[in-house]
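Enquirer: No sequence on hand, only this structure:
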């Protein structure tokens, strides 16, 4: 039987690990489009990864080696995934980075052991919070600090079923206390979501809220007759949209284009001789009636990446609305996955994206026209300060 004689390659095998590092490093060396703007010593990343791979005790340890190498790309799409990394359950709280502190921003009704929004997390499993986040961020590829911090804060929640996380927390000026939580919420199924209004809601007479992370095109079409008569509309893009760009077509009087999407045409190794890009994939959006004439604001923050930034880039370039909140993740362009021997799935950005005016997007992102950082006081009071500011803007 031919199948029986096939070699099963595994990260438990030293030769496979060394080959994987060489394969992955070379793909990035010749095809990653952002070495001109990221600050990284890529030859050193190869030496470090080979040294680590040679000594890794098993396939799970090697996953960390690959993640450390990919982190050197500073690519928000960069990641390495493997079946040995079981982490399908979450703790019943959401962590956020607010005013330079790790903070509980939401807590489930059950299982949070008295934790409340605004509680400051001083230690995680006995280590200072900042140290724990920094350790995790060494394995996270991100073009901006806000994306790495978001992913690291999320990863604290995640682990195997019923694994425990021990926190030292402080509520305002009270003494610090210890709280243990279990990761027992199935991540895909019933995961805790941050508190927001309904996905489509009239917040005040004539002022509407639409959460682009949750609505689909049919939801938008259903509410469109009411939006036509609205005084103000707030679109929430603090995350990743589920809706098509049709929304933008109702905000414009003439056609608009997305950012510059540029697929490099590689004709020589080591990034020598890149002179051409395929730019044919760029969106051109045409106006669709009715044209919404209400005052408009978009909410965004460091969780908005990729498709979300394609959306926000048009809003920014054509000044279609106020942008309220915090800077986006600063990574856009098609994701190029490949699988290495041993079953390691690697993702990265294969397309170069520049802003509409030709300036750098990678590592910069979309910046708000109205910056509104979250505050611990606001989180404690269960207020959405960014939404409050947007309501004030569109209600003027």
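Expert: Received, thanks. No experiment lies behind these values; they were computed from the predicted model shown.

Enquirer: Can you give me the neighbour number for residue 115?
Expert: When counting by other Cβ atoms under 10 Å, one arrives at 22 neighbours for residue 115. C-beta: built from backbone N, CA, C; applies to glycine.

Enquirer: should've said residue 7
Expert: 8.

Enquirer: all numbers from here: first residue = 543
Expert: With 543 as the first residue, the last one maps to residue 549.

Enquirer: which secondary structure element contains it?
Expert: Using DSSP states H and E, residue 549 falls within no helix or strand.

Enquirer: That one and residue 887, how far apart?
Expert: 20 Å (Cβ to Cβ, to the nearest Å).

Enquirer: One more: residue 791?
Expert: 35 Å.

Enquirer: give me the low-pLDDT residue ranges for this protein?
Expert: 543-548, 729-732, 816-817 (pLDDT under 70).

Enquirer: From the contact counts, what lies against the longest helix anywhere in it?
Expert: Scanning the chain for the longest helix, with DSSP state H as the assignment, gives helix 556-573. Where contact means 3 or more Cβ pairs under 8 Å, 6 or more residues apart in numbering; DSSP states H and E, helix 556-573 is packed against helix 584-597, helix 601-613, strand 880-882.

Enquirer: Run through who's touching the one helix or strand residue 766 maps to.
Expert: Residue 766 belongs to helix 759-770 when elements are defined using DSSP H and E. The contact list for helix 759-770, computed with Cβ atoms under 8 Å, 6 or more residues apart in numbering, reads 741-742, 744, 750, 752, 775, 785-786, 788-789, 792, 832, 834, 836.

Enquirer: just checking, next helix/strand downstream of that helix?
Expert: Next along from helix 759-770, by DSSP H and E: strand 774-779.

Enquirer: Following that following strand in sequence, what is the next regular element?
Expert: Assignment by DSSP H and E places the next element after strand 774-779 at helix 788-791.

Enquirer: any idea where the strands of the stretch 793-938 of the chain begin and end?
Expert: Along the stretch 793-938 of the chain, the stretches classed as strands by DSSP state E, counting those that start in this stretch are 798-799, 802-806, 819-820, 826-827, 837-842, 864-867, 880-882, 886-889, 894-896, 912-913.

Enquirer: To clarify, my last question referred to the stretch 643-792 of the chain.
Expert: Under DSSP E, counting those that start in this stretch, the stretch 643-792 of the chain gives strands at 643-649, 662-666, 669-670, 700-701, 705-712, 719-725, 727-728, 742-746, 749-753, 774-779.

Enquirer: Quick one, which of these gets closest to residue 685.
Expert: Closest approach to residue 685 among these is made by strand 774-779 (18.0 Å; Cβ to Cβ).

Enquirer: Given the closest one, what are its sheet partners and their directions?
Expert: Using DSSP bridges, the strands paired with strand 774-779 are strand 749-753 (parallel), strand 837-842 (parallel).

Enquirer: Which residue lies nearest the spatial centre of this structure?
Expert: residue 845 (4.2 Å; Cα atoms, centre = their mean).

Enquirer: I'd say it and residue 778 touch.
Expert: No. Using Cβ atoms under 8 Å, residue 845 is not in contact with residue 778, being 11.1 Å away.

Enquirer: contacting residues around residue 703?
Expert: 630-631, 725-726.

Enquirer: Show the buried residues in these.
Expert: 631, 725 (16 or more other Cβ atoms under 10 Å).

Enquirer: among the contacts of residue 703, which two are most distant?
Expert: Across those (Cβ to Cβ), the longest gap, 10.8 Å, separates 630 and 726.

Enquirer: Pipe the contacts of residue 703 into TSV and attach distance to residue 696 per row.
Expert: Listed next are the contacts of residue 703 as TSV, based on distance: Cβ to Cβ, whole Å:
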residue	distance to residue 696
630	14
631	13
725	12
726	17
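
Enquirer: quick one: which of the contacts of residue 703 is nearest residue 714?
Expert: Nearest to residue 714 among these, with distances taken as Cβ to Cβ, is residue 725, at 26.8 Å.

Enquirer: what sits opposite the closest one in the beta ladder?
Expert: Counting by DSSP bridges, residue 725 forms beta bridges with residue 705.

Enquirer: Could you give me the buried positions within stretch 818-828?
Expert: Under the neighbour-count criterion of 16+ other Cβ under 10 Å, stretch 818-828 has 819, 825, 827 buried.

Enquirer: Distance-wise, check residue 868 relative to residue 798.
Expert: Residue 868 sits 24 Å away from residue 798, taking Cβ to Cβ as the criterion.

Enquirer: Check residue 791 too.
Expert: According to Cβ to Cβ, residue 791 and residue 798 sit 9 Å apart.

Enquirer: Likewise for residue 704?
Expert: For residue 704, the distance to residue 798 - Cβ to Cβ - is 50 Å.

Enquirer: out of those two, which sits in the more crowded spot?
Expert: residue 798 (21 against 9).

Enquirer: how about the contacts of helix 759-770, which pair is most distant?
Expert: 744 and 786 (23.0 Å).

Enquirer: Leaving out the residues flanking it, which one is nearest to residue 932?
Expert: Spatially, and ignoring its direct neighbours in sequence, residue 932 is nearest to residue 839 (4.1 Å; Cβ to Cβ, 6 or more residues apart in numbering).

Enquirer: Could you dump the buried residues of stretch 818-828 into JSON lines with distance to residue 585 added?
Expert: Conversion of these to JSON lines gives the following (distance: Cβ to Cβ, whole Å):
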{"residue": "819", "distance to residue 585": "26"}
{"residue": "825", "distance to residue 585": "37"}
{"residue": "827", "distance to residue 585": "42"}
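
Enquirer: about what we covered before: pick the most deeply packed of the strands paired with strand 774-779.
Expert: Among the strands paired with strand 774-779, the stretch with the highest mean neighbour count (mean count of other Cβ atoms under 10 Å) is strand 837-842, at a mean of 25.

Enquirer: what's that strand in contact with?
Expert: Contacts for strand 837-842 (Cβ under 8 Å, 6+ apart): 773-780, 793, 850, 854, 857, 862-868, 870, 908, 910, 912, 928-929, 932, 935-938.
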